[in-house]
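Enquirer: one predicted model, sequence on top.
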Amino acid sequence: MHNRALPYLLILPSLFLAAVVIFWPVYDLVQISTHDVSRFGQLRDFSGLANFTALAGDPDFMAALWRTGLWTLSVVAGALILSIPVAMILNSDFYGRSLARVIILLPWAVSLTMTAVVWRWALNGESGMLNSALTGLGIIDQNIQWLASAGTAFPMQVLIGILVTVPFTVTIFLGGLSSIPDDLYEAAALEGASAWQQFRTITLPLLKPFINIAIVLNMIYVFNSFPIIWVMTQGGPANSTDILVTYLYKLAFRVGKLGEASAVSLVMFAILLVFTMIYVRLAMREREA
Amino acid sequence: MKLARWTAGLLAGLSMLAVAAQADAGEVRVTVAEYSSKTGPYFEEVKKEFEAANPGTTLKFEIVPWDVLLQKLTTDITAGTNADLSIIGTRWLIDFVQQGVAEPLDQYLTPDFKGRFIETFLSPSIMEGKTYGLPIAASARAMYYNKELFDKAGIANPPATWVELQEDARKIKANGAFGYGIQGKEIETDVYYYYGMWSFGTEILNKDGTSGLSTPGALEAAKLYKSMIDEGLTQPGVTSMNREDVMALFKQGKVGMMITAPFMMNQIKEEAPTLKYGVAAIPAGPTGARGTYGVTDSIIMFKNSKNKEEAWKLLDFLFSTEQRAKFTQNEGLLPVNKEEAKMDYYTKDAGLAAFTALLPEARFAPVIPGWEEIAQITSDAVQKIYLGQGEPEATLKDAAAKANGVLKK
């Protein structure tokens, strides 16, 4: 009997910590989202699911929801595809490797907001660097108004999102690559395996757990990422580049609908929770098999 | 990441509680909006002078950028850790009053004190007969025009009507510059459209309290701006330009005309001293109607303040003519104080005089709850029209319906 209680006792401190930093805010959000709330957070009448149904009836919210999916998928997939070769190059031995590593990882050290501000200037239609560079190279003869409409603004935001996600992903992969013993490659080379075959049958399978981690962490991080889109377009023009976080921010602090904003935040929480659970399940089943 | 955010939030919350607990008897905390880089140093000076004159009282100024001010106030008030005084946009005041957050100032306001203010600027802070805020900053909008570009295009005077403005913009365009700068992004995108709308006789709210966006005047204004964008009379990429971006183009001499606030005169003095420009009235519509946007920011006292007497003393100090002149001239705003307005600085300056002349036609943001939401709805609609993603008529009707939904609440 004593033995059975001990494990629970041991996890009690961390459970308590989790309760304070996770359960309490979530409880608070549930309270706010199911009540009629003043713009300063004072709860009024219980309103049930009214805040949630209001969201479901808002086309801007539904559009932001889909766009968040698109945003997360493209940034995470893009970063993944780009990071594997970069990590492999940085893992191979060449002159000036440490310098190259520093350069690749440097964007990580710069605050996301600053990166976004710099890009906002670079993408300025009249005085932006990108336009003058493209004109100088003779690629365009008329300035492109990058941030004027979602058609050009959103792809640029995705590209920048990929750019800032790469350093973190590369770091994870470098850790993975250095754990693969060199003899495997030597043996494969002796047997006459081509570089592509080595990559497919040695590198990729052994890197898989690291790829899984990168996917889960990046998904959560990119899904919640606010600065790039906010700084460059504030989700505009006319909500056409909004993702859920920017939509939530406007709802809460511009318009003052704290109830609906809390509902958005719970929806986001639920999506991430479900996604993470499914993914961890899949990853674990694979390992057992 | 979620976890990290919450931990950070919790720590911030705890530290705010700690700060609140520290607030002792003689301390007055003031949340101040950052108008420019000169705001912080000015309030440093105030702190020194005021504390020297009032021993026992300490002042604590929290300088907050405009962009996050409302967010900070919302979280502070929710947590009960707000300051004693705060600068707010007067358009937010109604929310503060309805939620019982703002303290009426009438018990402190002597007729003499009230008499210091110019009526037009004090009245937006009065609600249901009570004064809830004092106008700490006031501004209006007028049209700036580039004299050099006008000379080159052979235009003698700034346009008096929108028809003339279009013609002038065509001439300026023929000389290789942008005719009329239109702001299409971020804060005040809706206001930039109202300049046109007011000239066609439409107000933000109709007399019956419904949204004016579905009236013919609103449609005329939207068509006017859209046709100018399509004809290339504006700068390209309107929806990627916020107010500062258009102002930057004007300062570089690339735009012939634009409408903005008096503080651009200070900026031109510092950043583009050789630019030759003039300030004129906002163009009129076919009936001669026109309007400019008037803005005041109010300083309010919170109901839960524990040091109201000291806080009022500070207000008394801040609204002395000398302090007002220092602040207003630093930030390039308009005088709110009658004595101050008589100073040579304001009467002898052609630009500032043009702004003051427009004041009788100034419209202030309507004092209604949910105004920010209506502004957002209007900005979104206007952006859709500029981009050509929506027919002006249908888009405006749709926006009007949404705005009416907000107004009904």
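Expert: Structure's in. What do you need?
Enquirer: assign a three-state SS to the residue nearest the centre of chain B, would you?
Expert: What sits nearest the mean C-alpha location of chain B, by Cα atoms, centre = their mean, is B:V295, with 4.5 Å. For B:V295, the assignment made with DSSP: H, G, I helix; E, B strand; the rest coil gives strand.
Enquirer: in what helix or strand does the nearest residue in space to it that is not next to it in sequence lie?
Expert: Take B:V295 and drop its neighbours on the chain: the residue closest to it by Cβ to Cβ, 6 or more residues apart in numbering or on different chains is B:S139, 4.9 Å away. Using the backbone N, CA and C atoms, a C-beta is placed for each residue, glycine as well. Using DSSP states H and E, B:S139 falls within strand B:133-140.
Enquirer: show me what that strand is packed up against.
Expert: Under the contact definition 3 or more Cβ pairs under 8 Å, 6 or more residues apart in numbering or on different chains; DSSP states H and E, strand B:133-140 sits against strand B:85-89, helix B:119-122, strand B:292-301, helix B:321-331.
Enquirer: got a pLDDT number for residue 182?
Expert: The chain I'm using is chain A. What the model reports for A:D182 is a pLDDT of 89.
Enquirer: chain B, not that one
Expert: 96.
Enquirer: okay, buried residues for stretch B:284-291 please.
Expert: B:284-285, B:290-291 (16 or more other Cβ atoms under 10 Å in any protein chain shown).
Enquirer: same question but for stretch A:170-181, I mixed them up
Expert: A:170-174, A:176-177.
Enquirer: likewise for stretch A:263-274?
Expert: For stretch A:263-274, by 16+ other Cβ under 10 Å, it's A:263-269, A:271-272.
Enquirer: give me the residues contacting that stretch.
Expert: For stretch A:263-274, contacts defined as Cβ atoms under 8 Å, 6 or more residues apart in numbering or on different chains pick out A:26, A:29-30, A:33, A:51-52, A:54-55, A:61, A:65, A:219-220, A:223-224, A:244-245, A:247-248, A:251, B:2.
Enquirer: if any of the residues you listed are buried, put those into a ChimeraX selection.
Expert: Buried residues within the contacts of stretch A:263-274, by 16+ other Cβ under 10 Å, are selected in ChimeraX with:
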select /A:29,33,51,52,55,61,65,219,220,223,224,244,245,247,248,251 /B:2
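Enquirer: among the contacts of stretch A:263-274, name the ones in helices.
Expert: Per DSSP state H, helices hold the following members of these: A:26, A:29-30, A:33, A:51-52, A:54-55, A:61, A:65, A:219-220, A:223, A:244-245, A:247-248, B:2.
Enquirer: which stretches in the stretch 1-150 of chain A count as strands?
Expert: A:35-37, A:43-46 (DSSP state E, counting those that start in this stretch).
Enquirer: now do the phi/psi pair for B:S37.
Expert: Here is the backbone geometry of B:S37 (degrees, to the nearest 10): phi -70, psi -10.
Enquirer: let me see the contact set for it.
Expert: If you count contacts by Cβ under 8 Å, 6+ apart, then B:S37 has nothing around it.
Enquirer: just the one 10 residues further on next, same as before
Expert: Shown in contact with B:K47 (Cβ under 8 Å, 6+ apart): B:59, B:61.
Enquirer: ok so A:A153 is a strand residue?
Expert: No. Applying three-state DSSP, one finds A:A153 to be helix, outside a strand.
Enquirer: please tell me how far it sits from A:V231.
Expert: Note on A:A153: its distance to A:V231, by Cβ to Cβ, to the nearest Å, is 12 Å.
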